[in-house]
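**Student:** Provided below for reference: sequence and predicted model.
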Amino acid sequence: PCPSGTGEVGPLAGVDAPCLADGTPVDVGGALAGRPALVNVWASWCAPCREELPAIAEYAARPGAVPVLLVDVQDTDEAALALLAEIGVRLPSVTDPGGALRAALAVPPAIPASYVVRADGSVARVDPPVPFGSADEVAAAVGKLSP
């Protein structure tokens with residue numbers, strides 16, 4: 001299932017993306033408004049993405065974790081869904097067929113890339129953009145970037 005919500009500020013305000021599961025439009029800025037969240041940009045053909053997605057899922061399952069939204073880019077829905085099923089990751093996911101999310105987040109050419117969306121709607125990129133190797137690394141990055 002994809003997130004839903006109301007109230008938007010920051011670079012994601014007004015950005016819509018199709019839910020990966022069923023294509024339903026998701027108001028990304030509205031869905032993430034008012035609380036910190038982690039946004040991870042990935043693709044099924046990206047080997048480092050495949051390695052870090054389980055660490056992100058493990059983090060997301062922890063008590064006190066911020067909500068996580070996966071953004072599949074430059075990919076097919078079928079390939080993305082197949083990878084998530086293969087590695088057992090079940091997190092809210094959208095696609096970015098028109099590149100609106102990549103543009104709003106200023107995603108670099110190389111992925112994966114992760115961002116902390118703060119409660120006020122501002123966005124901070126996890127830097128350096130090194131793939132997460134563990135849930136503890138994800139937690140540390142989120143803690144560092146969310147006030």
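**Tutor:** Structure received. Numbering: from 1, shown residues only.
**Student:** Now do the biggest helix by length in the chain, average pLDDT.
**Tutor:** The residue-count maximum for a helix in the chain (DSSP state H) belongs to helix 47-60. Per-residue pLDDT over helix 47-60 has a mean of 97.
**Student:** which other residues reach the helix or strand just after it?
**Tutor:** For helix 47-60, the following helix or strand on the C-terminal side (DSSP states H and E) is strand 68-72. Strand 68-72 has contacts (Cβ atoms under 8 Å, 6 or more residues apart in numbering) with 3, 17, 20, 28, 31-32, 37-44, 53, 56-57, 59-60, 80, 89, 91-96, 101. Quick note: C-beta positions are derived from backbone N, CA and C, even for glycine.
**Student:** Now strand 68-72 - C-alpha only, PDB.
**Tutor:** Extracted as PDB, the C-alpha positions of strand 68-72 are listed here (Å, rounded to 0.1, in the frame of the first residue of the first chain):
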ATOM      1  CA  VAL A  68      10.000   4.900   4.600                       C
ATOM      2  CA  LEU A  69       9.000   5.500   1.000                       C
ATOM      3  CA  LEU A  70      10.800   3.800  -1.900                       C
ATOM      4  CA  VAL A  71      11.000   5.500  -5.300                       C
ATOM      5  CA  ASP A  72      11.700   3.200  -8.200                       C
END
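**Student:** Show me where the protein has its strands.
**Tutor:** 16-18, 25-27, 37-42, 68-72, 93-95, 113-117, 123-125 (DSSP state E).
**Student:** With respect to Val138, which of the ones you listed lies nearest?
**Tutor:** strand 37-42 (7.1 Å; Cβ to Cβ).
**Student:** residues making contact with that closest one?
**Tutor:** So strand 37-42 is contacted by 32, 49, 52-53, 56, 59-60, 66-73, 96, 101-102, 105, 107, 111-117, 123, 138, 142 (Cβ under 8 Å, 6+ apart).
**Student:** That one: which residues count as buried?
**Tutor:** Buried positions in strand 37-42, judged by neighbour count with 16 or more other Cβ atoms under 10 Å: Ala37, Leu38, Val39, Asn40, Val41, Trp42.
**Student:** would you turn these into TSV with pLDDT and distance to Val130?
**Tutor:** Listed next are these as TSV, based on pLDDT from 0 to 100; distance: Cβ to Cβ, whole Å:
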residue	pLDDT	distance to Val130
Ala37	96	20
Leu38	97	15
Val39	97	16
Asn40	98	13
Val41	97	14
Trp42	98	14
